[in-house]
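Engineer: Following is a predicted model, sequence given first.
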Amino acid sequence: MKDFFSKISLGKKKEEQQNKQDQLKDNIEDKELYKAKYMERKDSIEYKEIEEKNSSTLFRKLKNGLSKTRKGITEKVDRIIGQYQKIDEDLYEEIEEVLITSDIGMDTTIEIIDTMREKAHQEKIKDPQELKRLLKEIILSILKDENQEKIIETPSIYLLIGVNGVGKTTTIGKLAAQFKSQGKSVLLAAGDTFRAAAAEQLSIWAERVGVDIIKHQQGSDPAAVIFDAIQAAKARKIDVLICDTAGRLHNKKNLMNELAKINRIIEKEYAQKNRCNLLVLDATTGQNAISQAKLFSEVADINGLVLTKLDGTSKGGVILAIKKQLGIPVSYVGVGEGIDDLQIFDATQFVEALFE
Ligand SMILES: Nc1nc2c(ncn2[C@@H]2O[C@H](COP(=O)(O)OP(=O)(O)OP(=O)(O)O)[C@@H](O)[C@H]2O)c(=O)[nH]1
């Protein structure tokens, strides 16, 4: 009898193992199939239709996410312009006030208004409604970044930097989901060993997205986590490794040392790989985000910014101040808490969504 039950349990185990192997095989086949389909169909009408549908969904999400900022900037400017029959200094002053109160910042606002005045003069514009078109053009020229268009390949290693609470963990989860949906293999590294719940939160995201995570105990050396994660990424031939870091700005020297050590390890262990340091900033913190960006760029090379929680603020104009004052390209914008609410920043789409 005992023999009979142990045979059944052995059979079950075998079946479970087989199922797991089949599942793994399916995943690999799915991924390969996806890649093949993606490459094959890139020029087909069907593929283009799917792409169009996706981009209109993305645009709608962006537009929804920017609705507070649109109310705070464009709709206010619209109302003001509607009250004027001709362009005069009072009109410029009123527009200036709107821009300043939406966190675009004094210097950037003055520059925008000066350019607007100059362009209106050059183009001999008389109709106040035309100023809206000029504002749109000027904002686009500030946000457009030639460097950004040159980024064609996905970096193999991302280091996410930023203070606690700005949305780093969520951004890592969203990024992982995006890369995974493109058929890339992803690994996460819990480099924030300082805060107790950081690795736990990241593990929840890893599970949600269905990717692996490398983590150590709280208080351990973050550089050691990154080292182990790189070794695992090499062994498993991972396409994208995304690393979290602790954002202790109050201790600038420690932060600088920690990031420098992590950088040394990446340079040594992952030298041939394409890398990207992303600074995550919370748009709802307005001018505070700018001071954070200034401080972080003193301690690390920042390749791009992620501006989160744009959906939660009417002061999304801070994106202009950041771009103008820091010159660092905005790589991604967060327009919601959902897994697919992180978008690659596209200046033209952003401005269209703001002015539509
Ligand atoms: N509305 C909105 N909420 C966001 C966005 N990005 C992140 N959040 C929320 O912001 C909060 C903080 O996000 P986390 O990812 O935990 O922030 P963190 O920087 O990792 O912070 P710590 O984990 O405390 O270090 C969470 O409630 C997120 O859901 C966004 O784009 N829009």
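Structural biologist: Sure thing, it's come through. Numbers count the residues shown, from 1 in each chain.

Engineer: what about A293, how many neighbours?
Structural biologist: Neighbour count for A293, taken as other CB atoms under 10 Å: 21. In short, each C-beta sits where N, CA and C put it, glycine included.

Engineer: same question, the one 5 residues further on
Structural biologist: Here the number of neighbours of E298 (other CB under 10 Å) works out to 10.

Engineer: Quick check: closest non-adjacent residue to the closest residue to the ligand within the stretch 1-150 of the chain.
Structural biologist: Nearest to the ligand in the stretch 1-150 of the chain, going by CB to the nearest ligand atom, is G65, at a distance of 7.6 Å. Once flanking residues are discounted, G65 sits nearest to V335: 2.6 Å by CB to CB, 6 or more residues apart in numbering.

Engineer: Can you give me the end-to-end span of stretch 318-332?
Structural biologist: Between the opening and closing residues of stretch 318-332 lies a distance of 14 Å (CA to CA, to the nearest Å).

Engineer: Around K132, count how many other residues there are.
Structural biologist: 15.

Engineer: Need the pLDDT of the residue nearest to it when sequence neighbours are not counted.
Structural biologist: Once flanking residues are discounted, K132 sits nearest to I81: 6.1 Å by CB to CB, 6+ apart. For I81, the pLDDT comes out at 95.

Engineer: Wait, a strand at I81?
Structural biologist: No: if the criterion is DSSP: H, G, I helix; E, B strand; the rest coil, then I81 is helix and not within a strand.

Engineer: could you list every residue that touches it?
Structural biologist: Listed by CB atoms under 8 Å, 6 or more residues apart in numbering, the contact set of I81 reads L91, I95, P128, Q129, L131, K132.

Engineer: Mind listing the residues bridging to the residue of the stretch 201-350 of the chain found nearest the ligand?
Structural biologist: As assessed by CB to the nearest ligand atom, the ligand sits closest to G334 within the stretch 201-350 of the chain, at 2.5 Å. On the basis of DSSP bridges, G334 is bridged to L342.

Engineer: pretty sure it contacts T170?
Structural biologist: Yes: the criterion here is CB atoms under 8 Å, and G334 meets it with T170 at 7.4 Å.

Engineer: Can you tell me the number of residues neighbouring the residue of the stretch 201-350 of the chain closest to the ligand?
Structural biologist: G334 - counted by other CB under 10 Å - has 26 other residues nearby.

Engineer: now swap in A198 and tell me
Structural biologist: For A198, using other CB under 10 Å, the count is 22.

Engineer: same question, G162
Structural biologist: 26.
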